[in-house]
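Student: What follows is a predicted structure for the sequence shown.
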Amino acid sequence: MSGLSASTNWRRFKFGQLGLLALFIGEIALMSALIPGYFSLDGLLFASQGFVEAGIIALGMTLVIVAGGLDISVGSLLGLVVVAVGYSSHAGLPLPFAMVVGLLAGTAGGALNGSIIALLRMNPLVVTLGTFALFRGIALAISNSLAVSGFPEWFQFLGQGTIGIVPIPLIVLVILAVVFHILLTQTLFGRVVYAVGSNALATQFSGRDPDRIRLAVYTLQGFLVGVAGILYCARVSSARGTEGLGLEFVVITMVIFGGARITGGHGSITGTVLGGLIIWYLQDGISFAGIRSDWGLVITGLFLLAGVLFNENRNALGVMFGLLTDRHQSRDDDGSNTHEKQEESHVESTA
Amino acid sequence: MSSSSAAVQDHSLLKQFAARPDFPALVFLLVVFVGFSLFVPSFWSLGNLVNTMRQTAPIAIVALAVNQIIIAGEIDISMGSMVAVLAFIFAGISEATGMPWLAMAITLACGGAFGSVNGVLATVLGIPAIIATLGTLMILRGALLIGAGSITLYASEATRIFGNGRIVGVPVEVWIFLGVFVYFALLASQSRYGRRVLAVGGNARAARDIGIPVNAVRFWAYVQVGLCCALAAPVFVGQVAAMTANVGAGFELKVIATVVLGGTSLSGGRGTVLAPVIGAVLLSLILNATALVRLPPTFESLILGVIILISVAFIGVRARHQERAS
C-alpha cells in the first residue's frame, strides 16, 4: 500500500510540480530571449530580493491553506513587526533584542489569529479580517505614520548583503523552505495538517485535535511573518507602519498558483515556491523590460485564474492525456471534490 | 387565562426576535447611539447625522448586495476594484458627453458585465469564489492603473449630481440607498429568489435535489454585486472631488466587515436584509464619533479591528451557547 501511494504521489508530483518547474524554466528562457541583457545569474539572484519576504510568508500560508484555513492579516502583521523592530530599537533597545521583539510580535499575532479561530470556531476570513484592521491599527498608532531609519551597518547587511553571489535573505528562504518541506512531508504533524484540511471531523474521531493543529499553523505563520518583517526592515533599512499593504493577496496568489486548494487538504511547499518564483520573475521581467509594472497585476490575475482552472480540471486533463487513468473528478455543489473521497477509497481498496 | 397565554406569546415573540442573526448588532447599535448622544458633544445635530448617512451610503449600497451573496454561501472580494473602474467609466463618459444619466446607464451595463464575469468564473467554470474574485480584483485594478494611472480626475458639477445634490432636502445618495434597500427587502421577503438564496446558502445539494437551479441563483447574486457597485461608483465620484486610480483600495474588506458586523454568517444560509444597514450605520457612527472627540485618524483602523473582533467573539460565544442549548 505504501509503495502504491508513493507512486501515486509521484505521479501527482510529476503532473503538478514538474509542470510548474517547466513553466518557470520556460518563462526565464523566454524572457531572456526577448529582453536583451536580462539573463545573468547575478541579476536573477539579485532580483530575488523582492520575492523573499512574500516567499517566506507563503511557506506559512501553505500550511494554513492546506489545513483548510486562510490568513489575510499577514500584510498588516508585517507592518506591525517592522514597527516593533524599528521603534523598540529607536527607544534604545539593542538591535538584537529589538529583532526578538519583532519575532515575538509576529508569533503573538499569529497565535491570536489561531486561538480565536480554534477556540470560537469562527470563519478564518472574518477573524483575520478583524486582525487585518487591528494589526495595521496598532502599527499606525505606534508609528503615527512616521518612519524610523538609521540602522547599523550589520543589520543592513542582513537584508542587503550577499555570501558569494547569493543574497542572505535568499539563503534564509531556502533554509526555511527545506525545513517546512520536511515538516509537511516527513513528519506526523505534516500528515495531520493535510488530514485536518481534508476532513476535520474524521481527524477528530481518529484522536487528533484539529483545533491544536489550527493554533499551531497560524502561530507558525505569525513566526514566519516575524522573520520576513525583520528581513524587510533590514533590506529597506527604515520602519514605517504602512509596510506590507496588499501583501496578503500576493502571498495567497503564490500559494494557490502553486497548486494548493483553497478548500484545504492540497498543496505543497515545492509547489508554492515554484508558483511564487513564476509570479515574481514575471513581474521582474516586465519591469526590467521597461513596460508599465501595472501589467504585472493584470497578468498575475490572469495566471491565477488560469492556474486554478487548470488545477480544478487537472484530473480531467490527466484522463485526456492518459496520465492518470484511474481517476476523474466532478465538482460537488458545496465546492468540495469527490476526488479526495475517491483517493481515500482507492487507498482503502488496496489496503 | 387569556392574559397568561398572551404573555407566553409575547415571551416567544421576544425570543424569536432575540434569535434573529442581526439582534445583537441592533442592540449594540442602540447602545452606541444612546451613548454617543449623551457623551459626545455635537453628535446629536442634524448636520452631523446627515453627514454620517452620506458617508454610509456607498458602503451600504454595495453591502446590501454582498450580504445576499454571502447568504447564498459565496463571496466576492472584487468590489473595491469594480467600484474604482466603474467610477472612472462613469466620470469619463459623463465628462465627455455632459449627460450623467446616460453615463449612469452605461456604468450599470458595465457593472452587470463585471458581475457576470465573476458569476461565470465561480459557477460555470467552478473556480472557488474567493480565488475567482481575487483574480478579477487584480485584473480590474491593473487595467485601471494602466489606463488611468497618471490621471487625477476632477469631476465637474454636472457629473457629481449623484453624490453632491439633494432631492426634497435629502441627499441623492441616501435616496439611491433607500431604493436599493427596498429592492433587497422585497426580494428577501416577497420573491421566490429570496427564499432560494437562503436554500442554496444553507445546503446547496439539498437545494439542487428539490429542483432549485443553484448555479443560476448564484450567478444572479454576482450580477447584483456588479450592479450595486455601478450604483455606488457615481456616488463616489460625487463625494470625492479628486480621484486617482487608487480610489476604493481596501473597499472590499470594509464592505465585508460591514456585513459581518450586522450579524450575517460567512458560512451562508443565515442573515437578514437589515444586517448590512445596521453594520454600515454602526461603523460610520463609531468612526464619526472618534473624529468628533478628536482622536487622530491613525486610530481608525485600530478601532475597526477591535469592533470586528469583539463582534466575532460575541457571535462565536453565542453560537456555542445556542448549540449547547439545542
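Tutor: In hand now; what should we look at?
Student: How about the spatially most central residue of chain B: what's its closest non-neighbour residue?
Tutor: The C-alpha lying nearest the average C-alpha coordinate of chain B belongs to B:Ala63 (C-alpha atoms, centre = their mean; 0.8 Å). Distances taken as C-beta to C-beta, 6 or more residues apart in numbering or on different chains place B:Pro276 nearest to B:Ala63, at 3.5 Å, with adjacent residues excluded. Where you see a C-beta, it was placed from the backbone N, CA and C, and this is true even at glycine.
Student: Who are the packing partners of the helix or strand that the residue nearest to the centre of chain B is a member of?
Tutor: In this assignment (DSSP states H and E), B:Ala63 forms part of helix B:46-71. With contacts taken as 3 or more C-beta pairs under 8 Å, 6 or more residues apart in numbering or on different chains; DSSP states H and E, helix B:46-71 sits against helix B:79-97, strand B:170-171, helix B:172-190, helix B:192-202, helix B:214-239, helix B:251-261, helix B:274-292.
Student: May I ask which helix or strand encompasses residue 119?
Tutor: No chain in the question, so chain A it is. Element membership for A:Leu119 (DSSP H and E) is helix A:95-120.
Student: that's the wrong chain, I wanted chain B
Tutor: helix B:100-119.
Student: now swap in A:Asp71 and tell me
Tutor: With DSSP H and E as criterion, A:Asp71 is part of no helix or strand.
Student: swap in A:Gly130?
Tutor: Using DSSP H and E, A:Gly130 sits in helix A:124-143.
Student: is that helix anywhere near chain B?
Tutor: Yes. Helix A:124-143 is in contact with chain B by C-beta under 8 Å from any C-beta of the partner chain, via A:125-127, A:129-138, A:140-141.
Student: before we move on, the earlier item: what does the helix holding B:Gly119 rub up against?
Tutor: Applying C-beta atoms under 8 Å, 6 or more residues apart in numbering or on different chains, the external contacts of helix B:100-119 come out as B:76, B:78, B:82, B:85-86, B:89-94, B:97, B:132-133, B:136, B:140, B:158-159, B:161-162, B:218-231, B:233-234.
Student: one more time with 6 Å, if that's ok
Tutor: Helix B:100-119 is contacted from outside by B:82, B:86, B:89-90, B:93-94, B:133, B:136, B:158-159, B:161, B:219, B:222-223, B:225-227, B:229-230, B:233-234, using C-beta atoms under 6 Å, 6 or more residues apart in numbering or on different chains.
Student: before we move on, back to that, for the residue nearest to the centre of chain B, give its distance to A:Val192.
Tutor: In this structure, B:Ala63 and A:Val192 are 38 Å apart, going by C-beta to C-beta, to the nearest Å.
Student: name the element whatever residue of the stretch 151-300 of chain A ends up closest to chain B belongs to?
Tutor: Closest residue of the stretch 151-300 of chain A to chain B, C-beta to the nearest C-beta: A:Leu297 (3.1 Å). A:Leu297 is located in helix A:294-312, with elements delineated by DSSP H and E.
Student: Summarise which helices and strands that helix is packed against.
Tutor: Helix A:294-312 makes packing contacts with helix A:247-257, helix A:269-288, helix B:129-148 when contacts are defined by 3 or more C-beta pairs under 6 Å, 6 or more residues apart in numbering or on different chains; DSSP states H and E.
Student: for the second one, which positions count as buried?
Tutor: Spelled out, it's helix A:269-288. Residues A:269-286 are the ones in helix A:269-288 that count as buried (16 or more other C-beta atoms under 10 Å in any protein chain shown).
Student: Repeat that for the last one.
Tutor: Neighbour-count burial for helix B:129-148 flags B:129-146, B:148 (criterion: 16+ other C-beta under 10 Å).
Student: do that helix and chain A meet?
Tutor: Yes. Using C-beta under 6 Å from any C-beta of the partner chain, helix B:129-148 comes into contact with chain A via B:Ile131, B:Gly135, B:Met138, B:Ile139, B:Gly142, B:Ala143, B:Leu145, B:Ile146.
Student: Now do the same contact list for the fifth one.
Tutor: Looking back up the chat, that one is B:Gly142. Contacts of B:Gly142 (C-beta under 6 Å, 6+ apart): A:Asp294, A:Leu297, A:Val298.
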